[in-house]
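Undergrad: here are the coordinates; sequence isn't available:
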């Protein structure tokens with residue numbers, strides 16, 4: 001399959017070998033825990049979720065999974081996860097570019113809510129999502145994007161996907177249906193915050 005330049009595509013099996021190669025490279029770059037067979041099996045993807053690719057000059061530069069949020073007990077929600085950009089493409093803004101397609105896909109398929117989570121310790125990325133800073137390198141046009149502007153910090157919840165995990169994450173929501181009330185029952189901790197420093201050890205002890 002030959003493509004020119006840059007495209008955002010929904011995965012199909014024609015891309016199996018290219019995505020397998022991407023996963024091998026991403027794992028070598030430090031994302032091996034993100035792409036275990038248990039977490040993402042290219043031969044057995046949920047038909048009501050969707051895997052997205054950023055393809056640059058016929059190479060998979062980035063992927064992310066728009067996954068039905070069974071993990072929170074809210075399958076009307078879509079969770080953006082399994083996200084990685086290869087180091088050589090780091091300033092491509094592919095997370096935002098895939099986000100646009102994923103939100104449109106989620107809307108077309110009847111989902112009510114879309115969310116993205118980030119480690120509370122990653123101050124830089126959280127300041128981006130809270131509109132407190134912009135990128136120092138590359139394209140900053142995404143800060144004026146209509147979908148990006150609709151992301152809201154969930155100030156009463158933190159994402160915690162496993163009792164074995166020592167990571168807490170801030171949650172950023174996009175409400176496809178403004179009337180939808182998101183009431184997650186699993187993989188979250190109820191905790192009031194303003195998106196600033198969180199004492200992870202204290203909360204998880």
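TA: Yep, it's here. Since we're looking at a predicted model, the values are computed, not measured.
Undergrad: what secondary structure does the residue nearest the centre of the chain sit in?
TA: The residue lying closest to the centre of the chain (Cα atoms, centre = their mean) is residue 80, at 3.1 Å. On the three-state scheme (DSSP: H, G, I helix; E, B strand; the rest coil), residue 80 is labelled strand.
Undergrad: which ones are touching it?
TA: 64-67, 95, 98-99, 102, 114-116 (Cβ atoms under 8 Å, 6 or more residues apart in numbering). In short, each C-beta sits where N, CA and C put it, glycine included.
Undergrad: just for this structure, where's the confidence low?
TA: 1-4 (pLDDT under 70).
Undergrad: the strands in it, which residues?
TA: All strands of the chain, identified by DSSP state E, fall at 6-10, 50-56, 59-69, 74-85, 113-119, 152-153, 157-159, 169-175, 188-190.
Undergrad: Rebuild these as a markdown table, extending it with distance to residue 29.
TA: Formatted as a markdown table, the strands of the chain follow (distance: least, Cβ to Cβ, whole Å):
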| stretch | distance to residue 29 |
| --- | --- |
| strand 6-10 | 20 |
| strand 50-56 | 15 |
| strand 59-69 | 12 |
| strand 74-85 | 7 |
| strand 113-119 | 17 |
| strand 152-153 | 28 |
| strand 157-159 | 23 |
| strand 169-175 | 20 |
| strand 188-190 | 29 |
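Undergrad: hang on, the earlier thing: including distance to residue 157, could the contacts of residue 80 go into CSV?
TA: Listed next are those as CSV, based on distance: Cβ to Cβ, whole Å:
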residue, distance to residue 157
64, 21
65, 21
66, 20
67, 18
95, 21
98, 24
99, 20
102, 21
114, 15
115, 10
116, 13
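Undergrad: which among those gets closest to residue 150?
TA: residue 114 (9.7 Å; Cβ to Cβ).
Undergrad: That closest one touches residue 103, doesn't it?
TA: Yes - with contact defined as Cβ atoms under 8 Å, residue 114 and residue 103 form a contacting pair (5.5 Å).
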